[in-house]
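[1] My questions are about this predicted structure, shown below with the sequence.
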Amino acid sequence: MSNPQHLQYTKEHEWLTAAEAGVSTIGITKHAADALGDIVYVQLPAVGDTVTAGETCGELESTKSVSDLYSPVTGEVVEANQAVLDDFALVNSDPFEGGWLFKVRVEATEELLSADEYDAIINPA
């Protein structure tokens, strides 16, 4: 499985875009979505909340388990994806596009991985 090269990743299976006008978009990877199974509930941080890199900021519940959502950045949440809150299945069907989770005005980041580094973690030789 190949992850989009233009994104950065965390060891906790989140991805984020490069900041545009100081704002990054965050979601979970296809690997994480596949591992969770069918998503039945999503809790996201609210607009105006401050998230902290490496800390939990929400959760994803599937038919198999509940998984914490970690923020790869520190900053203020400027948007939550209402489409995902209306249709949780978007996280499974389109994790890198329509299934994005929230946007943050970035103040700081945790240690991030390139697509190749992330691929090496999820597909060890």
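    Structure's in. What do you need? In this text the structure is predicted, and so the values were computed from the model without any measurement.

[2] shaky segments in this structure?
    For the chain, applying pLDDT under 70 flags the ranges 1.

[3] now the helices: where do they sit in it?
    If DSSP state H is used as the criterion, the helices of the chain fall at 30-36, 82-86, 90-93, 115-122.

[4] for the longest one, packing partners?
    Contacting helix 115-122 under the criterion 3 or more C-beta pairs under 8 Å, 6 or more residues apart in numbering; DSSP states H and E are the following elements: strand 8-9. Glycine gets a C-beta too; all of them are placed from N, C-alpha and C.

[5] List the contacts of the strand it packs on.
    3, 15-16, 18, 29, 72, 112-115, 117-118 (C-beta atoms under 8 Å, 6 or more residues apart in numbering).

[6] top of the residues you listed by neighbour count?
    Neighbour counts for the contacts of strand 8-9 peak at residue 15, which has 28 neighbours (criterion: other C-beta atoms under 10 Å).

[7] from what I can see that one touches residue 7, true?
    Yes. Counting by C-beta atoms under 8 Å, residue 15 does reach residue 7; the two are 4.5 Å apart.

[8] shared neighbours, those two?
    residue 96.

[9] Which residue lies nearest the spatial centre of this structure?
    Nearest residue to the geometric centre of the chain (C-alpha atoms, centre = their mean): residue 27, 2.3 Å.

[10] Skipping adjacent residues, who's closest to that residue in space?
    Leaving out its chain neighbours, the residue that sits closest to residue 27 by C-beta to C-beta, 6 or more residues apart in numbering is residue 100, at 4.2 Å.

[11] Please determine how far residue 2 is located from residue 27.
    16 Å (C-beta to C-beta, to the nearest Å).

[12] wait, residue 99
    Taken as C-beta to C-beta, the span from residue 99 to residue 27 is 6 Å.

[13] Could you do residue 45 as well?
    13 Å.

[14] same thing with residue 56?
    Distance from residue 56 to residue 27, by C-beta to C-beta: 16 Å.

[15] from what I can see the residue nearest to the centre of the chain touches residue 104, true?
    No. The criterion here is C-beta under 8 Å, and residue 27 misses it with residue 104 at 11.8 Å.
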